[in-house]
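**Student:** Return a 3D structure for these sequence lines:
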Amino acid sequence: MTGKEFMNAVAKGQVDILQLFLDILGKTKVTYCVVGGLAVNAYVEPVVSLDLDVVVNTLDIDKVCKKASAKGIKIEKFKHSVNLTSFKSDLRIQIQTDSRYQEFISRSSLKEILGYRMSVACIEDVLQGKVWAYLDEQRRRSKRQKDLTDIMRLIEAYPSLESHIPAIVLKKLR
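**Tutor:** Numbering: from 1, shown residues only. Next up is the predicted model:
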């Protein structure tokens with residue numbers, strides 16, 4: 001079974017929504033980068049996630065949403081994100097609209113994750129995004145615990161990253 005087949009089996013995908021979304025980004029020539037759990041998977045042994053967290057150039061978000069909507073993808077706008085979902089897959093795509101993430105795009109590079117070639121934030125930016133997510137007390141505790149685990153996975157594989165982590169987060173890791 002390939003990585004793509006695995007991802008679609010886990011997402012119960014009748015359609016490969018992830019590839020459809022990546023094709024939209026490619027055809028519209030939009031700059032983007034993957035952040036979040038799937039981005040962590042680009043640097044350490046993968047774990048299953050049904051969320052694709054992505055940063056899209058702010059000026060292109062509406063263009064991406066329009067193209068996605070035309071392909072039958074449901075669009076929901078929230079304070080710090082635009083969520084894209086389809087009844088044909090359990091995969092949830094979340095476009096981050098928090099401006100802090102925009103600079104991640106320029107430092108991203110192409111990587112393969114579970115058979116998909118995509119632009120992924122550099123490891124330091126992936127870590128920074130996970131730290132921000134963990135420190136967001138409005139997030140569900142279970143999500144924050146996963147963020148902490150992802151931080152731990154990254155620093156176990158890349159010990160030099162520990163110097164990028166605030167003391168309040170390091171304390172939780174010990």
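**Student:** Helices of this structure, residue ranges please.
**Tutor:** Secondary structure of the chain by DSSP state H: the helices cover 3-10, 17-27, 36-41, 61-70, 123-135, 141-157, 167-173.
**Student:** For burial, what's the neighbour tally of Tyr158?
**Tutor:** Using other Cβ atoms under 10 Å, Tyr158 is surrounded by 15 other residues. For the C-beta atoms, the positions are set from N, CA and C on the backbone; glycine is no exception.
**Student:** Correct me if wrong: it contacts Val126.
**Tutor:** No - using Cβ atoms under 8 Å as the test, Tyr158 is too far from Val126 to be in contact (10.5 Å).
**Student:** Now do the shared contacts for these two.
**Tutor:** Listed as contacting both Tyr158 and Val126 by Cβ atoms under 8 Å, 6 or more residues apart in numbering are Tyr43.
**Student:** quick revisit: need the helices of the chain in JSON lines with mean pLDDT and mean neighbour count, can you?
**Tutor:** Listed next are those as JSON lines, based on pLDDT from 0 to 100; neighbours: other Cβ atoms under 10 Å:
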{"stretch": "helix 3-10", "mean pLDDT": "82", "mean neighbour count": "16"}
{"stretch": "helix 17-27", "mean pLDDT": "94", "mean neighbour count": "18"}
{"stretch": "helix 36-41", "mean pLDDT": "94", "mean neighbour count": "26"}
{"stretch": "helix 61-70", "mean pLDDT": "96", "mean neighbour count": "16"}
{"stretch": "helix 123-135", "mean pLDDT": "97", "mean neighbour count": "21"}
{"stretch": "helix 141-157", "mean pLDDT": "95", "mean neighbour count": "17"}
{"stretch": "helix 167-173", "mean pLDDT": "91", "mean neighbour count": "12"}
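**Student:** Many thanks, I have nothing further to ask.
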